[in-house]
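Participant: Predicted structure and sequence below. I'll ask about it afterward.
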Amino acid sequence: MGDVGGGKKKIGQEAREEKGGAMVAMGAAGEYNYNNMKDLLGDGIFAVDGEKWYHQRKVASVEFSKMVLRDYSNAVFIYNATKLASIISEAARSSKIIDIQDLFMKSTMDSTFQVAFGVEIDSLCGSNEEGSKFAEAFDDSSALITWRYVDISWKIKKLLNIGSEAVLKKRIQVVDDFVHKVICNKRKQYDLLKKEDFLSRFLVESQQDPENITHKYLRDIILNFMVAGKDTTAVTLSWLFYMLCNHPSVEEKMVEELILATKEIGNDASIGEFAASLTEKTMDKMQYLHATLSETLRLYPAVPLNPKICFADDTLPDGHDVKKGDMVAYMPYVMGRMTFIWGDDAEDFRPERWLNNDGVFSPESPFKFTAFQAGPRICLGKELACRQMKIFTALLLRFFRFKLNESSRILSCVTST
Ligand code: HEM
């Protein structure tokens, strides 16, 4: 976490930033209503430690590494990216200004739900009324839960008028009812073994271990994946397109690379044909795209501040004393900008820093590039997220150019290439 000057120090109750480091001590956990997150997260992977965490991490890691989930999720990402491209195409034809972050949020909601539950909710086009209601309630609940957790901006909650406990309860109820229905429907399907979504894989597990993998467990684990995967991916895509608007030379290089990588299908391919060509083999050729995504996450990590709570009194490696219940946070946002870690050009957007001399992507240690966390709790969906972001970016950049709408500062105006 950087040099904090040696010697033993007490971490106070006030939030304070340490000199030269990216660590903040934030006082006792009780103040932050840690347990209040449980009404949405339940006993899912984010909200538990010890045995419960270990079990979920083990089962989920096995599922994530399977080829079947890879193939299925690729198909889902291509399907949803194509849908998004059609909407943008329509907007470009009529010179309509769009809020691309809103579209990314809906699109990643649809992809994540489909990969998780094997059901299409289509919040992007709104064709499934029940699905769209779920999506809205889920968004409200996860936003409220996050606000509660960090215990800031309750004034904003009030302003938005969705922050009361009663409203939150109702929203979570909508989420629970819908998820309950989806799980019950899925249980009735006889060919679960052949289904590729996350829920079906866990249901097969639960037939072998019904005592541990209960209905509630399934609800918790899958909703946690939704919370983990949806906003993080959409926000990163939004920052990426924002950065491309401000760095046209980077965008140009990305386009050159993707045209070269897909040259076999020719220049006249339709959106659908081009999307179908985005296989793993093709995507592997897009090293500059991967570098640009990593560079975006370095400067704009989707989890900019990551707080942890101490189980017991301890002394950190740099000499700080911490007490049981203290909250200690590391800050990927700050670490991504430290010259101590990244050199004098730390604040520059320079994807090339991720490429070796042959133009091949060269990963950094997760303890240096902390956007996905490091150690035993490193993000389980990193590879899945990168695949989704690469597919969306390649497809959109092949057919459109984006401009920032200066008047609203919303990334919006689009032209067809
Ligand atoms: C750009 C996209 C993403 C970023 C930046 C990101 C980042 C992170 C970070 C920082 C953590 C650590 C949280 C903590 O310390 O409590 C984490 C954990 C996790 N992520 Fe991601 N994530 C992304 C996408 C995804 C996706 C798409 C999924 C799955 C659908 C996913 C699944 C998980 C899970 C299950 C954990 C909990 C791991 C554990 O506690 O053992 N993430 N992610």
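Facilitator: Now that the structure is in, tell me what you want to look at. Residues are numbered from 1 along each chain as shown.

Participant: Tell me which residues of the top helix by length along the chain come out buried.
Facilitator: Ranked by number of residues, the top helix in the chain under DSSP state H is helix 215-246. Buried residues in helix 215-246, counted by 16 or more other CB atoms under 10 Å: 217-245. Quick note: C-beta positions are derived from backbone N, CA and C, even for glycine.

Participant: just these that are near the ligand?
Facilitator: By CB under 6 Å from any ligand atom, the members of the buried residues of helix 215-246 lying near the ligand are 225, 228-229, 232-233, 236.

Participant: which outside residues touch the helix or strand harbouring Tyr54?
Facilitator: Assigned by DSSP states H and E, Tyr54 belongs to helix 50-64. Here helix 50-64 makes contact (CB atoms under 8 Å, 6 or more residues apart in numbering) with 43-45, 48, 69, 198, 201-202, 205, 212, 221, 225, 376, 380-381, 383-384.

Participant: State the next helix or strand along the chain beyond it.
Facilitator: Following helix 50-64 toward the C-terminus (DSSP H and E): helix 67-93.

Participant: hmm, that following helix touching the ligand?
Facilitator: No: Helix 67-93 lies out of reach of the ligand by CB under 6 Å from any ligand atom, never closer than 8.8 Å.

Participant: which residues touch Leu278?
Facilitator: Going by CB under 8 Å, 6+ apart, Leu278 touches 74, 78, 262, 391, 394-395.

Participant: try it again with 6 Å
Facilitator: 391, 394 (CB atoms under 6 Å, 6 or more residues apart in numbering).

Participant: Checking my notes, it in a strand, right?
Facilitator: No: assessed by DSSP: H, G, I helix; E, B strand; the rest coil, Leu278 does not belong to a strand; its assignment is coil.

Participant: Help me confirm that Lys403 is found in a strand?
Facilitator: Yes: with three-state DSSP as the criterion, Lys403 is part of a strand.

Participant: Now the residue of the stretch 251-400 of the chain found nearest the ligand: closest residue in space, sequence neighbours ignored.
Facilitator: When scored by CB to the nearest ligand atom, the stretch 251-400 of the chain has Gly381 as its residue closest to the ligand, at 2.0 Å. In this structure, Gly381 finds its nearest non-sequential neighbour in Gly229, 5.2 Å apart by CB to CB, 6 or more residues apart in numbering.

Participant: pretty sure the one you found contacts Lys382?
Facilitator: No: in this structure, Gly229 is not within contact of Lys382 by CB atoms under 6 Å, at 10.3 Å.

Participant: just the helices in the stretch 201-350 of the chain please.
Facilitator: Taking DSSP state H, counting those that start in this stretch, the helices of the stretch 201-350 of the chain run over residues 215-246, 248-261, 271-276, 280-284, 287-299, 332-335, 339-342.

Participant: avg pLDDT for stretch 316-326?
Facilitator: Mean pLDDT, stretch 316-326: 92.

Participant: So for that stretch, first residue to last residue, what's the gap.
Facilitator: 12 Å (CA to CA, to the nearest Å).

Participant: which helices and strands sit right next to the helix or strand that Leu395 is a member of?
Facilitator: Taking DSSP H and E as the definition, Leu395 sits inside helix 382-399. Where contact means 3 or more CB pairs under 6 Å, 6 or more residues apart in numbering; DSSP states H and E, helix 382-399 is packed against helix 67-93, helix 215-246, helix 248-261.

Participant: now the angle between helix 50-64 and the longest helix of the chain, please.
Facilitator: 60 degrees (axes from the mean of the first three to the mean of the last three CA atoms, to 10 degrees).

Participant: ok, which residues in the stretch 301-417 of the chain are in contact with the ligand?
Facilitator: So the stretch 301-417 of the chain meets the ligand at 302-303, 306, 371-373, 377, 379-381, 384-385 (CB under 6 Å from any ligand atom).

Participant: Give the ChimeraX command for selecting the buried subset of the residues you listed.
Facilitator: The ChimeraX command for the buried members of those (criterion: 16+ other CB under 10 Å) is given here:
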select :302,303,306,371,372,373,379,380,381,384,385
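
Participant: Now the two most distant members of the residues of the stretch 301-417 of the chain next to the ligand.
Facilitator: Asn306 and Leu384 (19.5 Å; CB to CB).

Participant: what residue ranges in this protein score low on pLDDT?
Facilitator: 1-36, 146-164, 407-417 (pLDDT under 70).

Participant: Would you point out which residue is most central in it?
Facilitator: Thr232 (2.4 Å; CA atoms, centre = their mean).

Participant: Buried residues in the helix holding Leu395, which are they?
Facilitator: For helix 382-399, using 16+ other CB under 10 Å, the buried residues are 384-399.

Participant: again with stretch 42-55
Facilitator: Neighbour-count burial for stretch 42-55 [16+ other CB under 10 Å]: 42-48, 52-53, 55.

Participant: List just the nearest of those to the ligand.
Facilitator: Ile45 (4.8 Å).

Participant: give me phi/psi at the closest one?
Facilitator: phi -60, psi -30 (degrees, to the nearest 10).

Participant: List the residues that contact it.
Facilitator: 56, 224.

Participant: Correct me if wrong: Ile78 contacts Phe274.
Facilitator: No: distance between Ile78 and Phe274: 9.9 Å, which falls outside the contact criterion (CB under 6 Å).

Participant: can you pull the buried residues of stretch 174-194?
Facilitator: In stretch 174-194, residues buried by neighbour count (16+ other CB under 10 Å) are 174-176, 178-179, 182-183, 186, 192.

Participant: now what about it, what contacts it?
Facilitator: Counting by CB under 6 Å, 6+ apart, 117, 119, 134, 137-138, 141, 199-200, 203-204, 218-219 sit against stretch 174-194.

Participant: next one: stretch 363-378
Facilitator: 297, 301, 332, 335, 341, 379, 382.

Participant: What residues does the stretch 151-300 of the chain have near the ligand?
Facilitator: Residues of the stretch 151-300 of the chain lying close to the ligand by CB under 6 Å from any ligand atom are 225, 228-229, 232-233, 236.
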